[in-house]
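>>> Please find the sequence and the predicted model below.
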There are 2 protein chains.
Amino acid sequence: MLKLTKKADYGLMALKYLAEHPETPALSAKDVADAYGIPAQLLAKVLQRLTKTGLLRSHAGMNGGYELARDARQISAFEVIHAIDGPLFITSCTKGTKPCELTPSCTIKEPLARVNETIAGVLKSISIQDLAEHEHPTGRSRETHGLVVLTL
Amino acid sequence: MLKLTKKADYGLMALKYLAEHPETPALSAKDVADAYGIPAQLLAKVLQRLTKTGLLRSHAGMNGGYELARDARQISAFEVIHAIDGPLFITSCTKGTKPCELTPSCTIKEPLARVNETIAGVLKSISIQDLAEHEHPTGRSRETHGLVVLTL
DNA sequence: CTGAATACGGACCGATCCAGTCGGATATAA
DNA sequence: TTATATCCGACTGGATCGGTCCGTATTCAG
């Protein structure tokens, strides 16, 4: 599968939404949830997590909510995904602690680790601003934003 | 998370193993399983699936087993993963059938689809032969195998 | 001061998925 | 004929995920 969780999706959507509304002082979790039709309480927990990792600033009380802690250009998709889904591994063995107890086996992992790096690099090259900009489904002729070179 | 399943790992390992033993007429699932210390019956099902999709040739009976259906250079990691884990999506909405019923929401998916393409491209550029070759953890100065350009 | 709105955080549940097992059927070589 | 294989469906236990509920703390408005 190789897919990221719905929470990560929600997080990206929310940050994109915040980037699209830079004027408002703060948007509540409910505001964003309603805008996208996603469960408010679930999104709230996602945003809380993003706040904890420093990607958002929160403000309790009436007219409170969330705002981007940095410029949208300075927040990468990788950071968001990492904050929500945790470290990003393509191999299913590496659980962080135990390094694959299969005898000498996982010679597979060494090349796959590079694939992992490449994917991380791609995700790091995408900012929230990029997501917000590509709202308009206009042109197909677009400039090269990122250049990723894979060396095996 | 963004990880592939253990089955896919096993499949890659098995194919790598087969590529490393080109002389033997056929290796049984048990042979490979023992070599890596992974459950034989589970690996068997993985190999059966790979056979079904045409990546392996099987031979029942005594001294039977599996062999690569093509040259190791002609089999990509992408094919293996796709055969075992199914289609590869980074977005968690796209389930194949339903295209994300969230109102206008998933403007996120358009850029992520390109990320998906990029990842697929990377995986396609890696052959089983590559995995087998990179056994030796020798040099760090290696030539560029693949060049992936990401345009957003 | 009181109350509404909001962020925070833990506990919980149902569904799904995954790793692994079991049992049996079929094929093939010795 | 028997041992060794592939083949294939069904099942189970555990983990994870999406989502909900409830209680607490914080802040603003009246």
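Nice, thanks for sending it over. Numbering: from 1, shown residues only, chains lettered A, B, ... in the order given.

>>> hey, let's count contacts and neighbours off CA atoms from now on
OK.

>>> Give me every residue in chain A lying close to DNA strand C.
A:1, A:27-30, A:41, A:44-45, A:47-49, A:51-52, A:58-66, A:92 (CA under 7 Å from any atom of the strand).

>>> Filter those residues down to the ones in strands?
Among the residues of chain A next to DNA strand C, the members falling in strands (DSSP state E) are A:S58, A:H59, A:G65, A:Y66.

>>> State the distance from the first one to chain B.
Noted for A:S58: a distance of 23 Å to chain B, by CA to the nearest CA, to the nearest Å.

>>> Okay, and the beta partners of that residue?
Counting by DSSP bridges, A:S58 forms beta bridges with A:Y66.

>>> Among the residues of chain A next to DNA strand C, name the buried ones.
A:1, A:27-30, A:44, A:47-49, A:51, A:58, A:65-66, A:92 (16 or more other CA atoms under 10 Å in any protein chain shown).

>>> can I get those residues in a markdown table with distance to A:I126 and pLDDT?
Listed next are these as a markdown table, based on distance: CA to CA, whole Å; pLDDT from 0 to 100:
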| residue | distance to A:I126 | pLDDT |
| --- | --- | --- |
| A:M1 | 22 | 49 |
| A:L27 | 23 | 97 |
| A:S28 | 25 | 98 |
| A:A29 | 24 | 98 |
| A:K30 | 26 | 97 |
| A:A44 | 24 | 98 |
| A:L47 | 20 | 98 |
| A:Q48 | 22 | 98 |
| A:R49 | 20 | 98 |
| A:T51 | 20 | 98 |
| A:S58 | 24 | 98 |
| A:G65 | 25 | 97 |
| A:Y66 | 22 | 98 |
| A:S92 | 25 | 59 |
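
>>> Quick check: of those, which lies closest to B:P87?
Closest approach to B:P87 among these (CA to CA): A:M1, at 6.5 Å.

>>> if we can go back for a sec, out of the residues of chain A next to DNA strand C, which sit inside helices?
Judged by DSSP state H, the residues of chain A next to DNA strand C include A:A29, A:K30, A:Q41, A:A44, A:K45, A:L47, A:Q48, A:R49, A:T51, A:K52 as members of helices.

>>> In three-state terms, label A:A35 for me.
At A:A35 the chain is in helix, as set by DSSP: H, G, I helix; E, B strand; the rest coil.

>>> That one: neighbouring residues, count only.
Using other CA atoms under 10 Å in any protein chain shown, A:A35 has 15 neighbouring residues.

>>> what's the answer for A:E23, then?
Look at A:E23: counted by other CA under 10 Å, it has 8 neighbours.

>>> Check A:S127 too.
Considering only other CA under 10 Å, A:S127 is surrounded by 21 other residues.

>>> Please list all residues in contact with it.
A:A72, A:R73, A:Q74, A:I75, A:S76, A:A77 (CA atoms under 8 Å, 6 or more residues apart in numbering or on different chains).

>>> The first one: neighbour count?
Residues lying near A:A72 (other CA under 10 Å) number 21.

>>> I'd say it and A:Q129 touch.
Yes. Shown here, A:A72 and A:Q129 form a contact pair, counting by CA atoms under 8 Å, at 4.8 Å.

>>> between the two, what contacts are shared?
With CA under 8 Å, 6+ apart as the test, A:A72 and A:Q129 both reach A:A19.

>>> those strands in chain A, which residues are they?
Taking DSSP E, the strands of chain A run over residues A:56-59, A:65-68, A:148-150.

>>> could you dump the ones you listed to TSV with distance to A:Y36?
Shown next, in TSV, are the strands of chain A (distance: least, CA to CA, whole Å):
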stretch	distance to A:Y36
strand A:56-59	19
strand A:65-68	16
strand A:148-150	32
